[in-house]
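Chemist: Give me coordinates for this.
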Amino acid sequence: MMRDILVTGATGFLGSNLAGALARQGYNVRILRRPTSDLRALVGIDVEHRLGDVRDRESLRSAMQGCDTVFHVAALVSYWGKQRPELYDINIGGTANIVDTCLDLGIEKLVHTSSVAAVGFAGDRIPADEITAFNWEDYDIGYRVSKHRAELEVQRGVKLGLPAVIVNPSVIIGERDIHFNGGQIVRDVYKKRIFYAIDGGMSVVYVGDVVQGHIAAAASGRVGERYILSGENLAHSQIVASTAEVVGGWKPLAKLPLWAAKGLAAGSEIIADISNTKPWLARELIAGITRTCWFSHEKASRELGYTVTPFRTAVQRTFEWYKQHSMI
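Modeler: Below is the predicted model of the structure:
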């Protein structure tokens, strides 16, 4: 029975929302964070803090002591080639450390936050599901590879007796996205930086739905299974147009050719390399972007009671939170 919980990655977008929801539901919530972590996403959330890093097994062991459930949300999200060594170290190596420590301490349930990035594509406009095999190798996208290999670490743990469940969110938007991950769509459309569309499409999901999917997975997810936590499946043009209607931006005025998107990404990375800051657009993010990568959440709906908030509602809530906090 879930009572004492450790959440990794709780200073991030999804992790802060998850930690807050668990605390409000009366659980004893402990988070693992680095001494230098940005704590803005945790404002108003009362949880116990433990200092450490998923790359440090001793700090993991100390943080997990006395816990029955672990939500492993921590990950580096980056499509910048320069960060690939760090990406692999955190996402793959860190997950291996989580798995081994959970096994050592006899943790009753591990919920591992993966991503639809670790799910293969089934074909344009054909929703992929949990059994769609990973088939992105030829695209050489570091983030996708890291999330796929992290799942293999979890499955290794399952074979050794670890009661673990994997959840695979799609692109997330919502409150507390202080680093503008999925929220970059909302900000850029609002600021009229995006007034074009590119071929392809994706699934965008509201953070509150993903949080409830995590909690349900801990309570009733089947060991060794993965559950896609996706939202509405939309073309990129629909995403831009609907967001513009909500926030007051411009609907797509033109279609951006793939060659132009690649050029923007290359230029953005040159600037990033000079300034040593993350690029606004990265070449690995562009790789495969014109595919229509849609996903089915039918399994999560059937087994976990998972529900989806409409895309426009999710955009509105995200936009209002940014305005309330003077971030947009």
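
Chemist: Could you use CA atoms for every contact and neighbour count after this?
Modeler: Fine.

Chemist: ok, which stretches of the protein are strands?
Modeler: For the chain, applying DSSP state E gives strands covering 4-8, 28-33, 48-51, 69-72, 109-113, 164-169, 171-173, 196-197, 201-206, 226-229, 232-235, 254-255.

Chemist: most packed of those strands?
Modeler: strand 226-229 (a mean of 29; mean count of other C-alpha atoms under 10 Å).

Chemist: Leaving out the residues flanking it, which one is nearest to residue 160?
Modeler: residue 103 (8.0 Å; C-alpha to C-alpha, 6 or more residues apart in numbering).

Chemist: which residues touch the one you found?
Modeler: 157, 160, 161, 162 (C-alpha atoms under 8 Å, 6 or more residues apart in numbering).

Chemist: quick one: it from residue 65, how far?
Modeler: The gap separating residue 103 from residue 65 is 12 Å, by C-alpha to C-alpha, to the nearest Å.

Chemist: again, but for residue 109
Modeler: For residue 109 relative to residue 65 (C-alpha to C-alpha), the value is 14 Å.

Chemist: who wins for neighbours among the contacts of residue 103?
Modeler: residue 162 (23 neighbours; other C-alpha atoms under 10 Å).

Chemist: Quick one, grab the pLDDT at the closest residue to that one other than its chain neighbours.
Modeler: Sequence neighbours aside, residue 103 is the residue nearest to residue 162 in space, at 6.0 Å (criterion: C-alpha to C-alpha, 6+ apart). As predicted, residue 103 sits at a pLDDT of 98.

Chemist: and if you look at residue 280?
Modeler: Residue 280 is given a pLDDT of 69.

Chemist: Repeat that for the one 3 residues further on.
Modeler: In this model, residue 283 is scored at 70, pLDDT.

Chemist: Low-confidence ranges, the stretch 201-328 of the chain, go.
Modeler: Residue ranges of the stretch 201-328 of the chain with pLDDT under 70: 280, 284.

Chemist: residue contacts, residue 3?
Modeler: 27, 28, 67, 68, 69.

Chemist: Which of the residues you listed sits closest to residue 259?
Modeler: residue 69 (46.6 Å; C-alpha to C-alpha).

Chemist: if we can go back for a sec, okay, the strands of the chain in JSON lines with distance to residue 217 next?
Modeler: JSON lines is the format used below for the strands of the chain (distance: least, C-alpha to C-alpha, whole Å):
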{"stretch": "strand 4-8", "distance to residue 217": "14"}
{"stretch": "strand 28-33", "distance to residue 217": "17"}
{"stretch": "strand 48-51", "distance to residue 217": "23"}
{"stretch": "strand 69-72", "distance to residue 217": "10"}
{"stretch": "strand 109-113", "distance to residue 217": "7"}
{"stretch": "strand 164-169", "distance to residue 217": "7"}
{"stretch": "strand 171-173", "distance to residue 217": "18"}
{"stretch": "strand 196-197", "distance to residue 217": "35"}
{"stretch": "strand 201-206", "distance to residue 217": "17"}
{"stretch": "strand 226-229", "distance to residue 217": "8"}
{"stretch": "strand 232-235", "distance to residue 217": "20"}
{"stretch": "strand 254-255", "distance to residue 217": "40"}
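
Chemist: Quick one: closest of these to residue 79.
Modeler: Comparing the strands of the chain under C-alpha to C-alpha, the one sitting nearest is strand 171-173, at 14.0 Å.

Chemist: Measure how far that closest one is from the centre of its chain, please.
Modeler: Here strand 171-173 is found 7 Å from its chain centre; the criterion is C-alpha atoms, centre = their mean, to the nearest Å.
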